[in-house]
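Asker: Build the 3D model from these lines:
(one chain, ligands or ions: 1)
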Amino acid sequence: MKPVTALLVNPYIYDFSAYSFWSSPLGLLTIGALLRKNGFEINKVDCLRVVEEKRKDDGRAPFLKEKVKPPDCLKGIKKRFRRYGIAPETLNKELSAIEKPHLILITSIMTYWYPGAREVLTILREVFPSAKIIVGGIYPSLCYEHAQATMQKADMVISNRQIEKFYAFIEGVFPVKLSYKPSPDDINVLPYPAFDLYETTIPFVPLLTSVGCMYKCTYCATPYMHPRIIRRQPQSVLEEICYWHERGVKRYVIYDDNFLYKKEAYAKPLLRGIARLPFSIDIYNPNALNASLIDSEIALLLKEANFKEVRVGFETKDTFLQQSTGGKINTNSFENAIHHLFEAGFKKETIGAYTLAGLPFQRWEDVKASIDCLSDLGVKALIAEYTPIPHTPLFQTFYMHARYPIKEEPLFQNNALFPFAWEGFTEEDLLNLKHYVREKNRAFDNSM
Ligand code: SF4
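Answerer: This is a model prediction of the structure:
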């Protein structure tokens, strides 16, 4: 009997700005690997392609992009609206060269990226009318009803907690009995994501080292998406690094919101293990480390494991905001963490600290004070513009104060629109802060 064939699709996106900041469709590729383990033949189309010639040494790269007309509700916004990734005509052409799949899985990541996923779904439905199509990812997990209404051409829309529904659908529709049906939380046994489907060299591999988080920051969806904290055994992570290293991968990106939680049992043995590997790798952590958990030993181990830079969460200098948004950090413990990182040998330009801008009723002066504090400590400030995310406490409490209907229309959840601008923090203030932070960061770069 011929195997069931599945096509994994990462759609292009529409946005005001986007950059491949070590982004990859990890969940989609993991589900693909899981189906392969069950005997499926898998293939992929990743529409989010980058300009390879412009890829940086650290693996990041700009997406292909093209200016397009914005949807009606975003007309009047004075920013360029673009499609990032390949054009629909290119997608059509590539699909015509693919053998008809039985099953198609489409992922959809940010909530306000759904128009790209919907358009790609329409194209796939036209090209492969008889294929079964499932749409999953973060968007349907956070906006399930909206996704059901938007993705009507799909045979199923699935949220991240519905893996049993996914397995039942597959077994109900295809003549297969799945012998391997792990939960997405079984991160110690999940197959490695199917990066081997990419024809070119793999520029980096993300390492999922835990799910869930010990904190409940009011702006963050992690506690909703992953209510249980599950850590991956250090040995399992080391084995994956060796697996990819044998296939030529040098750069690794830690996908972990909680990397230092229970650090004695997890992060420390893992970092020691990486430092002892008979080869060297480069490590990046776009998801910030929790600074309050960085002690002198962790700082040294991060250095020995070859973190090329360390990103930490500062969020705000304001004591009230620190506490009211979750209490994961205070300025004192942050300063200690920075001290440990410097002592371990990290240079100023290799430490970046996120500071949040645009929280409901936040004042621009708060962000400036945070930038000044970080600059005084000698670390790069990175402005993280607040994105209102459904199912988070901050969203539920303040959505009616946004200047757009963010609850009804996910397109307005885009942080590029600055949904919570108000007279105490205007768009002009934000532009000034971006300029200010550039100057501050440049000033200490020049002093090196
Ligand atoms: S510490 Fe980070 S991942 Fe955890 S809840 Fe806060 S923002 Fe989210």
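Asker: any idea how far the helix or strand bottoming out on mean pLDDT in the chain is from the chain center?
Answerer: Comparing helices and strands within the chain by mean pLDDT, DSSP states H and E singles out helix 427-446 as the least confident, with a mean of 89. Centroid separation between helix 427-446 and its chain, computed with Cα atoms, centre = their mean, to the nearest Å, is 25 Å.
Asker: which helices and strands sit right next to that helix?
Answerer: In terms of contacts (3 or more Cβ pairs under 8 Å, 6 or more residues apart in numbering; DSSP states H and E), helix 427-446 is packed against helix 364-377, strand 380-385. The way it works is simple: take the backbone N, C-alpha and C, and place the C-beta from them, glycine included.
Asker: so which of the ones you listed gets nearest Thr218?
Answerer: When the helices and strands packed on helix 427-446 are ranked by distance to Thr218, counting by Cβ to Cβ, first place goes to strand 380-385 at 14.6 Å.
Asker: Contacts for that closest one next, please.
Answerer: Around strand 380-385, the neighbours that count as contacts under Cβ atoms under 8 Å, 6 or more residues apart in numbering are 311, 314-315, 348-349, 351-358, 367, 370-371, 374-375, 415-416, 418, 430, 433-434, 437, 440-441, 444.
Asker: Which among these count as buried?
Answerer: Those of the contacts of strand 380-385 that meet the buried threshold are 311, 314-315, 348, 351-358, 367, 370-371, 374-375, 415-416, 418, 430, 433, 437, 440-441, by 16 or more other Cβ atoms under 10 Å.
Asker: tell me which element the residue nearest to Gly327 when sequence neighbours are not counted is part of?
Answerer: Distances taken as Cβ to Cβ, 6 or more residues apart in numbering place Tyr215 nearest to Gly327, at 7.6 Å, with adjacent residues excluded. Per DSSP states H and E, Tyr215 falls between elements, in no helix or strand.
Asker: Counting neighbours, what do you get for Tyr215?
Answerer: When neighbours are counted by other Cβ atoms under 10 Å, Tyr215 registers 19.
Asker: again, but for Arg363
Answerer: Arg363 sits with 15 neighbouring residues when counted by other Cβ under 10 Å.
Asker: Nearest residue to it in space, ignoring adjacent ones along the chain?
Answerer: Gly424 (4.6 Å).
Asker: Please verify my assumption that the one you found contacts Phe361.
Answerer: Yes: taking Cβ atoms under 8 Å as the contact criterion, Gly424 and Phe361 are neighbours in contact, 6.9 Å apart.
Asker: OK, contacts around the residue nearest to Asp185 when sequence neighbours are not counted?
Answerer: Closest residue to Asp185 apart from its sequence neighbours, by Cβ to Cβ, 6+ apart: Ile230 at 5.2 Å. For Ile230, the contact set (Cβ under 8 Å, 6+ apart) comprises Asp185, Ile187, Ser210, Val211, Gly212.
Asker: repeat that for 10 Å
Answerer: By Cβ atoms under 10 Å, 6 or more residues apart in numbering, the residues touching Ile230 are Ser183, Pro184, Asp185, Asp186, Ile187, Asn188, Ser210, Val211, Gly212, Asn258.
Asker: So what's the predicted local confidence for it?
Answerer: For Ile230, the model assigns a pLDDT of 95.
Asker: Need phi/psi at His340.
Answerer: When read as degrees, to the nearest 10, the backbone of His340 gives phi -60, psi -40.
Asker: err, Leu271, not the other one
Answerer: As for Leu271, its main-chain torsions (degrees, to the nearest 10) stand at phi -60, psi -40.
Asker: Make sure it is actually in contact with Pro234.
Answerer: Yes: contact criterion Cβ atoms under 10 Å: Leu271 and Pro234 qualify, at 8.6 Å.
Asker: And the two? Which one has more around it.
Answerer: When Leu271 is set against Pro234 and neighbours are counted by other Cβ under 10 Å, the residue ahead is Leu271, at 24 against 19.
Asker: For that one, give its distance to the ligand.
Answerer: In this view, Leu271 and the ligand are 19 Å apart by Cβ to the nearest ligand atom, to the nearest Å.
Asker: okay, now the residue in the stretch 251-400 of the chain positioned nearest to the ligand: neighbour count?
Answerer: With Cβ to the nearest ligand atom as the measure, Asp257 is the residue of the stretch 251-400 of the chain nearest to the ligand, at 3.2 Å. Applying other Cβ under 10 Å, we find 24 other residues in the vicinity of Asp257.
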